[in-house]
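**Student:** sequence and predicted structure, then a few things I'm wondering about:
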Amino acid sequence: MTTITRTVRYRSRSGAEGRAELLDGETGALRTLEGAPAASLAEVELLAPVLPSKIVGIGLNYRAHAEEMKKKLPAEPLMFLKPSTAVLDPGRPIVRPAGYERVDYEGELAVVFGRRAHRVSAREALDYVAGYTCLNDVTVRDLQVKDVQYTRAKGFDSFAPLGPCLASGLDPSDLAIVTRVDGEVRQRSSTADLIFSVPALIEAVTRVMTMLPGDIISTGTPPGVGQVVPGSVVEIEIAGIGVLRNPVIAE
């Protein structure tokens, strides 16, 4: 049986940063790996578990979401990029930009690379994975429709909340994923519904671009996407990883 380990990045009360293994999710007990020492999550502010140079998003990758959108299943993965500057720490506020009608949450499983990957086969793909985390692919929907391509709609600062930890040792083929807004379940699915599996995505993406340690493939969102409004709190929970929680504020 594979052991699942969960590591976090954090900032201590003194402002120093560190990295630790989460020993007990119930108590938040930590074992410091490097940097500022800390005994529990209560003593620290969580940071995004990795700092990617790029995030490769995948569009329309859940069968039920494609059905919901009344779109045909794609023949190959639909890729777009989110900038590294969109990354947001757990607990920090998503800034809803002014002047747009619809800004949506999208709960997703994020695959984090542990080493440089170029033209990797699906058979070997998981050997390149450091672990998994939760990502909220926040999107200005009216800009996505207007621009057709996704860069502006998905590239705002704070539009890639990430966390709460990096979980290694997981099997990504059937992980439960739930998104809640103010405690109400809006998305409930499993990665078993992915059109393109994690190994298939790694093979497809690394044919196009080299992925570096810390880089991310965000694997797509299940059905049930909807608006975020100032004052709401969005939670994304994935089995084996934990809960990514972020409030929403107005610009």
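**Tutor:** Received it, and whenever you're ready, just let me know what you need.

**Student:** so where's the stretch 151-251 of the chain uncertain?
**Tutor:** Regions of the stretch 151-251 of the chain meeting the criterion pLDDT under 70 are absent.

**Student:** quick one: the helices in it?
**Tutor:** 151-154, 198-208 (DSSP state H, counting those that start in this stretch).

**Student:** closest one to R19 among those helices?
**Tutor:** Between R19 and the helices of the stretch 151-251 of the chain, the shortest gap by Cβ to Cβ is with helix 198-208, which sits at 24.2 Å. Every C-beta, even on glycine, is put in place using the N, C-alpha and C of the backbone.

**Student:** now for the closest one, which elements pack on it?
**Tutor:** strand 78-82, strand 107-113, strand 216-218 (3 or more Cβ pairs under 8 Å, 6 or more residues apart in numbering; DSSP states H and E).

**Student:** re earlier: could the helices of the stretch 151-251 of the chain go into JSON lines alongside distance to S84?
**Tutor:** Shown next, in JSON lines, are these (distance: least, Cβ to Cβ, whole Å):
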{"stretch": "helix 151-154", "distance to S84": "13"}
{"stretch": "helix 198-208", "distance to S84": "16"}
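
**Student:** now the ones you listed in a markdown table, with mean neighbour count and distance to L143?
**Tutor:** Output for the helices of the stretch 151-251 of the chain, formatted as a markdown table (neighbours: other Cβ atoms under 10 Å; distance: least, Cβ to Cβ, whole Å):
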| stretch | mean neighbour count | distance to L143 |
| --- | --- | --- |
| helix 151-154 | 18 | 4 |
| helix 198-208 | 19 | 24 |
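
**Student:** surely V234 and T179 touch.
**Tutor:** Yes: if you go by Cβ atoms under 8 Å, V234 and T179 touch, sitting 7.0 Å apart.

**Student:** touching both of these two, which residues are there?
**Tutor:** The contact sets of V234 and T179 overlap at Y105 (Cβ atoms under 8 Å, 6 or more residues apart in numbering).

**Student:** compare these two (neighbour count), which wins?
**Tutor:** T179 (27 against 22; other Cβ atoms under 10 Å).

**Student:** closest one to T133 among the helices of the stretch 151-251 of the chain?
**Tutor:** Between the helices of the stretch 151-251 of the chain, helix 198-208 lies closest to T133; by Cβ to Cβ that is 13.1 Å.

**Student:** which residues are contacting the closest one?
**Tutor:** Contacts of helix 198-208 (Cβ under 8 Å, 6+ apart): 56, 58, 61, 76-77, 79, 109, 111, 117-123, 125-126, 128-129, 172-173, 191, 196, 211, 217, 219.
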